[in-house]
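Visitor: Need the 3D shape of this:
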Amino acid sequence: GTSLANNLYSAKNRVFWKIRSRLRFRRAGYKEEGISGLLLSDLEQKLERTYELDSYADHLSDATYKKNLWTLSVLKQILAPHLSRNHLPLEVLEPGCQDFSRLPALRSFFRKQGLRPRITGLEVDPFPLLHDFHSRWDKAKYYLNFEKCADRYLHADFFRWQESADLICCFYPFVSTHPALAWGLPARFGDSKPWIESFVRNLRPGGLLLVVHQGDWEEED
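Guide: Numbers count the residues shown, from 1 in each chain. As a prediction, the model looks like this:
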């Protein structure tokens, strides 16, 4: 049945994920060429100006730049209204951050608020061999090293993480089995319950949580 197939799929994923985690594949030299002739909408141009994202234009590909503009639009619309002098985050956590490619948007957003919080990205599977023969780890280190700061990218399981944050930003967490399996992870990572428990455990009293889902069905889960 379906559950047996999922269990076998999950067991296979667990083996290969553990191998990847032990091998820790890394290769120096990851670089993006910088944007060239990128057509931006009026909204994107306004976001670019407001948050001065163009300071990263020489370092990001078209696709990464667009992703960061979209991330800024979410931060501006959803997060900004909840920030106040009484709540200015010093510790920001992004669990399940993949390759940490939203870091420029997060940095630009908080810089506009006059803040330089420490931003920590957690990724449970940072060492797969990607199509360009780099790993997520390689890419994350590239985004981190644009500027000197205390930000960090860690190979860590958020479901076991215990370190308080003022703000947790989470983009597209796996809250059901199939996305986790398709991503190459064991089924246990596709479960909404440990996500919620981990948010509660790691968010400081009065802290803020921003979660972005694929669609209504994930929000329901």
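Visitor: dump the residue contacts of the most centrally placed residue in the chain.
Guide: When CA atoms, centre = their mean is applied to the chain, the residue found nearest the centroid is Cys97 (2.3 Å). Neighbouring residues of Cys97 by CB atoms under 8 Å, 6 or more residues apart in numbering: Gly121, Leu122, Glu123, Ala140, Tyr153, Phe171. All C-beta atoms are positioned from the backbone trio N, CA, C, and that covers glycine.
Visitor: residues in contact with the lengthiest strand in the chain?
Guide: Among all segments of the chain classified by DSSP state E, the strand with the greatest residue count is strand 203-212. With contacts defined as CB under 8 Å, 6+ apart, strand 203-212 is touched by 74-75, 78-79, 82-83, 87, 89, 91, 164-173, 199.
Visitor: What's the biggest helix in the chain, counting residues?
Guide: Taking DSSP state H as the criterion, the chain has its longest helix at helix 2-23.
Visitor: what packs against it?
Guide: helix 177-182 (3 or more CB pairs under 8 Å, 6 or more residues apart in numbering; DSSP states H and E).
Visitor: Buried residues of the helix it packs on, list them for me.
Guide: Residues of helix 177-182 classed as buried under the neighbour-count rule (16 or more other CB atoms under 10 Å) are Thr177, Pro179, Ala180, Leu181.
Visitor: Return the distance of the last one relative to Arg188.
Guide: Just to be clear, that refers to Leu181. Going from Leu181 to Arg188 by CB to CB, to the nearest Å gives 11 Å.
Visitor: which residues are in contact with both of the two?
Guide: By CB under 8 Å, 6+ apart, the residues touching both Leu181 and Arg188 are Ser10.
Visitor: and which of the contacts of Cys97 is nearest to Asn68?
Guide: Closest approach between the contacts of Cys97 and Asn68, by CB to CB: Phe171, at 11.8 Å.
Visitor: neighbours of the nearest residue to the closest one once chain neighbours are set aside, just the number please.
Guide: With sequence-adjacent residues excluded and distances taken as CB to CB, 6 or more residues apart in numbering, Phe171 is closest to Val212, at 4.8 Å. The number of residues packed around Val212, counting by other CB atoms under 10 Å, is 15.
Visitor: Ramachandran angles for the closest residue in space to Tyr30 that isn't next to it in sequence?
Guide: Setting aside the residues directly before and after it, Tyr30 is nearest to Asp138 in space (CB to CB, 6+ apart), at 4.2 Å. Backbone dihedrals for Asp138, given as degrees, to the nearest 10, come out at phi -60, psi -50.
Visitor: Looking at Asp138 now. What's its pLDDT?
Guide: For Asp138, the pLDDT comes out at 98.
Visitor: thinking again about what came up before, got the buried residues of helix 177-182 as a markdown table, with distance to Leu47 and pLDDT columns?
Guide: Listed next are these as a markdown table, based on distance: CB to CB, whole Å; pLDDT from 0 to 100:
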| residue | distance to Leu47 | pLDDT |
| --- | --- | --- |
| Thr177 | 35 | 93 |
| Pro179 | 28 | 93 |
| Ala180 | 32 | 95 |
| Leu181 | 35 | 96 |
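Visitor: what ranges do the strands span in this structure?
Guide: In the chain, the segments counted as strands under DSSP E are 91-95, 118-123, 152-155, 165-171, 203-212.
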